[in-house]
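>>> Task: produce atomic coordinates for the following.
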Amino acid sequence: MFDKILIANRGEIAFRIVRACREMGIKTVGIFSDVDRELLHLRFVDQKVSLGGDKADETYLDIEKIIKVCHLTHPAAVHPGYGFLAENFLLARRLEAEGITFIGPQAEILEKMKNKLFTKKVVQEAGIPVIPGSLTPITDLSEAKTVAREVGYPLAVKACLGGGGRGIRVVERAEGLEEAFLRAKREAALAFGSDEVYIEKLLGRARHIEVQILADKFGKVVHLGERECSLQRRRQKILEEAPAPTLDREVRNKILQAAVAATQALGYSTCGTLEFLVTEEGKYYFMEFNARIQVEHPVTEMITGVDIVREQISLAAGEPLSLKQEDIIIRGHAIEMRVNAENPDKNFAPSPGKISKFDLPRGPGVRVDSHCYSGYTVPSYYDSLVAKVVVWDSDRKFAIRRARETLQSMEVSGIHTTIPFQMKILQNPEFMEGSFHTRFIEEDFLPD
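Sure, this is the predicted structure:
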């Protein structure tokens, strides 16, 4: 097992990793930008090193600075959390060259998976349905038109190296294809260093279902059930729950089996998440593979009792998977609500600033992952997430009731947050019935 881990991240996920490391008897190194000097997790690390600067590209995204901190503090491993460099094969490769473990898949696997078409091809060859579309980059407009006619509208033009909801242009009709195709290529080149794009059928009213997996370096894979992640705004998740409500049992089993098979076909290890879309007709399609810990991992931890971060660290250390599939028992229902520093009444405008009061909810079945506290100043440089409020109860009906009561007892003053918006979701009849889809928030829920 590792004796020391450098945490190459900030915020609530950095605090979450520190807690797991302390429980495992592992020393930790924290890094921070100038504006992050007062982050909560820095109170609990064994060493902390300033990166200097504030913006992401000069701090948490600067590979050379992180390598220099490694030379200074000598960690056995680096945990990237999510976002920033979590799926960056260049960092993984540099660490491997330094004899330091990257807590995630190997650099070779990460580099291949960076291109979404590589993963789709491997998954399809394993006999798993993928979203209809091209499996090679679209080279010119003529080819784009040909593929579009075969796939049908609406469709999406996507960057091959895209991620996090970026690098996507939606095309509703044929006359919009040329502009979307050219713009997508320009945006892809600017954001990801490659203008390669592909075309994929847009499954508008589908559900977004994820499967959490754990895999060791010896080919053993287990799944931890599925998560419902359909409630999104601008392709960014707002509320997640597990297990997925009203999902057909046969479809669920097929998706879970597909996730394990795809993971084995890719030769993937540590923890990861496979994303699927399920249509109204009950057809399921593989969408993409996230090679990291997910923001929404707590809902899976709540229904399985498995500490995913602890398992991720153990698997990265080369230990065999200690769990068998029959050991994974799903109990009850969990809901995670993302509380962001945003103003829903002003089109979710960012609301950075000083938190004058931060009073967390308490009680049975309640978990809050957060790096904030009274007096903390939310900076404008990074993600607006201030807390993940997670509840568990015996079934979905009681979990929803507990979620409402939990949010009502949470007080955040000094900044605007999305708590009122989350309350509206929890009181929505369609949500309570479990009848929603990926475009529900923008098409059916938000006012015109």
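>>> Tell me which other helices or strands the strand ranked longest in the chain touches.
The longest strand of the chain (DSSP state E) is strand 221-233. Secondary-structure packing of strand 221-233 (3 or more CB pairs under 8 Å, 6 or more residues apart in numbering; DSSP states H and E): strand 207-215, strand 236-242, helix 249-266, helix 297-304. All C-beta atoms are positioned from the backbone trio N, CA, C, and that covers glycine.
>>> I'd like the mean pLDDT over the third one, please.
The predicted model assigns helix 249-266 a mean pLDDT of 97.
>>> May I have that helix as CSV, with CA atoms only?
What follows is helix 249-266, C-alpha atoms only, in CSV (Å, rounded to 0.1, in the frame of the first residue of the first chain):
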residue,chain,number,x,y,z
ARG,A,249,-35.6,-5.2,-14.7
GLU,A,250,-34.5,-6.9,-17.9
VAL,A,251,-33.0,-3.7,-19.4
ARG,A,252,-31.2,-3.1,-16.1
ASN,A,253,-29.6,-6.5,-16.0
LYS,A,254,-28.5,-6.2,-19.6
ILE,A,255,-26.9,-2.8,-18.9
LEU,A,256,-25.1,-4.1,-15.9
GLN,A,257,-23.8,-7.2,-17.7
ALA,A,258,-22.7,-4.9,-20.7
ALA,A,259,-20.8,-2.6,-18.3
VAL,A,260,-18.7,-5.5,-17.0
ALA,A,261,-18.1,-7.0,-20.4
ALA,A,262,-17.1,-3.6,-21.8
THR,A,263,-14.7,-3.0,-18.9
GLN,A,264,-13.0,-6.4,-19.5
ALA,A,265,-12.8,-5.8,-23.3
LEU,A,266,-11.0,-2.5,-22.7
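>>> who does it touch, helix- and strand-wise?
helix 116-125, strand 207-215, strand 221-233, strand 270-278, strand 284-290.
>>> now stretch 168-181, how far from the chain's geometric center?
Mean-position distance between stretch 168-181 and its chain equals 27 Å (CA atoms, centre = their mean, to the nearest Å).
>>> Correction: the previous question concerned stretch 311-324.
21 Å.
>>> strands paired with the longest strand of the chain, and their directions?
Next to strand 221-233 in the sheet, as set by DSSP bridges, lie strand 207-215 (antiparallel), strand 236-242 (antiparallel).
>>> List every C-alpha atom in the first one, with coordinates, as CSV.
Below are the C-alpha coordinates for strand 207-215, written out as CSV (Å, rounded to 0.1, in the frame of the first residue of the first chain):
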residue,chain,number,x,y,z
ARG,A,207,-32.7,8.4,-20.0
HIS,A,208,-29.1,8.7,-18.9
ILE,A,209,-28.1,5.6,-16.9
GLU,A,210,-24.6,5.0,-15.4
VAL,A,211,-23.0,1.9,-14.1
GLN,A,212,-20.2,2.1,-11.5
ILE,A,213,-17.6,-0.6,-11.8
LEU,A,214,-14.5,-1.7,-9.9
ALA,A,215,-11.8,-3.6,-11.7
